[in-house]
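Asks: Dropping a prediction and its sequence here:
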Amino acid sequence: MSSVRVLVGTRKGAFILTSDGNRRDWTVDGPHFGGWEIYHAKGSLADPNRIYLSQSSSWFGQIVQRSDDGGKSWETMDNKFLYEGETGSHLWYDGTPHPWEFKRIWHFEPSLTDPDTVYAGAEDAALFRTTDGGKSWQDLPALRTTQGEKWAPGAGGMGLHTIVLDPNDPNRIFVAISAAGVFRSEDAGATWKPVNCGLKSNYIPDPTAEVGFCVHRIAMHKARPNTLFMQLHWDVNRSDDGGDNWHEVSGNLPSDFGFPIDVHAHEPDTIYVVPILSDSEHYPPEGKLRVYRSRTGGNEWEPLTHGLPQSNCYVNVLRDAMAVDTLDPGGVYFGTTGGQVYVSPDGGDHWTAIVQNLPAVLSVEVQTLP
């Protein structure tokens, strides 16, 4: 029977949660790098023992850790993420120019076929790639020349927080940046195109704007790489042409503001979001923690509440804090700023807390193990 490994990044360390295919009994290991912010930890699909981890602090800066034994031991990688080329500047909150600078890595996305090739999304928004397992990192500077002078930070900073790789074409990459939008490359990052047509924002009065949208997260099902789902600052959106055109699918959600969005591993039209009240009130409507599921690719949504607190709950679920496994039936996971990590081994119908009282959860990723 297959098993699962859940990688949890928190404000004060990383935790590794493991279980067999039943996903009822769990072993909790951690904290790894206790006291450090772990923005993201993600395992390789090509090598189940390989994990990359983003470790950062205001004092020591950014450090990348790699494990080749499933998190039992760690090796510090090269951390020289150097911007290349003519980087120029971008806009700041007040509209004034701001020089590009490196602050931290928000997200790792390992290659689907090569454990030594990994993409890393940074703040300020930039994309890096390693082909030697993290020993060296190369900037892909063409992204910032794609109207980069018009980009501006979201409330949490200007992070490149989502990287989606096309399983059928290793040269096709999607990235999402807050607050710039979604960009697509067809040539492994050599050139980029903004793909935000149809998105709407109260903060961008120009209906023809190509960039400047505060995208919170995008997701894809591997069987249908031209269909993308998005949680925007407001609105849940869908594209069926690789991002060239988007339309809203918020439907009957109680609030269309939120951060994460994910797709069921075996059902390309089943998607999950976690609504919160507003962009200033980062907690569930009515204090009820509810995951919403659509089995129709949007518009029609149902609340999933069994096992989740339905009163006096004021936690948030951040953009990288939801994941799905590939077991059958498919499992769904999410972590909260209150330190809980929940699992549903039946696609969202029933939830249980794997662990509670962790530091605030920043990211949740899952590896399905043989």
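Replies: Thanks, I have it.

Asks: Could you list the low-pLDDT ranges of the stretch 251-370 of the chain?
Replies: Applying pLDDT under 70 to the stretch 251-370 of the chain flags no residue at all.

Asks: rerun that using 90 as the cut-off
Replies: Residue ranges of the stretch 251-370 of the chain with pLDDT under 90: 370.

Asks: So which residues of it form strands?
Replies: Secondary structure of the stretch 251-370 of the chain by DSSP state E, counting those that start in this stretch: the strands cover 257-263, 271-276, 291-294, 302-304, 322-324, 332-335, 341-344, 352-355, 361-369.

Asks: between the longest one and strand 257-263, what angle do the directions make?
Replies: For strand 361-369 and strand 257-263, the angle between their directions (axes from the mean of the first three to the mean of the last three CA atoms, to 10 degrees) works out to 0 degrees.

Asks: packing partners for strand 361-369?
Replies: Strand 361-369 sits against strand 3-10, strand 37-43, strand 322-324, strand 332-335, with contacts defined as 3 or more CB pairs under 8 Å, 6 or more residues apart in numbering; DSSP states H and E. Using the backbone N, CA and C atoms, a C-beta is placed for each residue, glycine as well.

Asks: Make TSV from those strands and add distance to Gly148 and mean neighbour count to it.
Replies: Formatted as TSV, the helices and strands packed on strand 361-369 follow (distance: least, CB to CB, whole Å; neighbours: other CB atoms under 10 Å):
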stretch	distance to Gly148	mean neighbour count
strand 3-10	27	25
strand 37-43	22	26
strand 322-324	29	24
strand 332-335	32	26
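
Asks: returning to that earlier point: so which of the strands of the stretch 251-370 of the chain is the most packed in?
Replies: strand 332-335 (a mean of 26; mean count of other CB atoms under 10 Å).

Asks: Partner strands of it and their direction?
Replies: Sheet pairing of strand 332-335 (DSSP bridges) gives strand 322-324 (antiparallel), strand 341-344 (antiparallel).

Asks: Verify the stated contact: Asp124 with Ala152.
Replies: No - if you go by CB atoms under 8 Å, Asp124 and Ala152 don't touch, sitting 10.8 Å apart.

Asks: shared neighbours, these two?
Replies: Counting by CB atoms under 8 Å, 6 or more residues apart in numbering, the common neighbours of Asp124 and Ala152 are His90, Met158.

Asks: of these two, who's got more company?
Replies: When Asp124 and Ala152 are compared for neighbours, Asp124 comes out ahead with 24 against 19, by other CB atoms under 10 Å.

Asks: Let me see the contact set for the more buried one.
Replies: Applying CB under 8 Å, 6+ apart to Asp124 gives the contacts His90, Trp100, Glu101, Phe102, Lys103, Pro153, Gly157, Met158.

Asks: sorry, back to before: can you tell which of the strands of the stretch 251-370 of the chain is closest to Tyr39?
Replies: Closest approach to Tyr39 among those is made by strand 361-369 (5.7 Å; CB to CB).

Asks: what comes into contact with that closest one?
Replies: Identification of contacts with strand 361-369 by CB under 8 Å, 6+ apart yields 2-11, 37-43, 48, 51, 318, 320-327, 331, 333-337, 339-341.

Asks: cool, stretch 162-175 as well?
Replies: Defining contact as CB under 8 Å, 6+ apart, one finds that stretch 162-175 is touched by 107, 109, 111-113, 119, 121, 127, 143, 160, 176, 182-189, 195, 215, 217-220, 222, 225, 228, 243, 319.

Asks: Tell me which entries of those lie within strands.
Replies: Applying DSSP state E to these, the entries found in strands are 107, 109, 119, 121, 127, 160, 176, 182-185, 215, 217-220, 225, 228.

Asks: Check the secondary structure at the residue nearest to Asp116 when sequence neighbours are not counted for me.
Replies: Sequence neighbours aside, Gly133 is the residue nearest to Asp116 in space, at 4.1 Å (criterion: CB to CB, 6 or more residues apart in numbering). Secondary structure of Gly133, reduced to three states by DSSP: H, G, I helix; E, B strand; the rest coil: coil.

Asks: coming back round to it: just the buried members of the contacts of stretch 162-175?
Replies: Neighbour-count burial (16 or more other CB atoms under 10 Å) is assigned, among those, to 107, 109, 111, 119, 121, 127, 143, 160, 176, 182-185, 189, 195, 215, 217-220, 225, 228, 243, 319.

Asks: what's the spacing between the residue lying closest to Leu91 once chain neighbours are set aside and Phe128?
Replies: In this structure, Leu91 finds its nearest non-sequential neighbour in Ala152, 4.4 Å apart by CB to CB, 6+ apart. According to CB to CB, to the nearest Å, Ala152 stands 21 Å off from Phe128.

Asks: same question, Ile63
Replies: Remark: distance between Ile63 and Phe128 (CB to CB) = 14 Å.

Asks: which one of the two has more residues nearby?
Replies: Shown here are Ile63 and Phe128; by other CB under 10 Å, Phe128 has more neighbours (23 against 17).

Asks: looking at the sheet around the more buried one, what are its partners?
Replies: Beta bridges link Phe128 to Ala120, Asp139 when assigned by DSSP bridges.

Asks: For it, give me its contacts.
Replies: Counting by CB under 8 Å, 6+ apart, Phe128 makes contact with Phe81, Ile105, Tyr119, Ala120, Gly121, Ala122, Trp137, Gln138, Asp139, Leu140.

Asks: and stretch 336-345, how far apart are its ends?
Replies: 18 Å (CA to CA, to the nearest Å).

Asks: Now do the buried residues in stretch 336-352.
Replies: Under 16+ other CB under 10 Å, the buried positions of stretch 336-352 are 336-345, 347-348, 351.

Asks: Cys313 contacts Arg290, doesn't it?
Replies: No - under the criterion of CB under 8 Å, Cys313 makes no contact with Arg290, lying 9.4 Å away.
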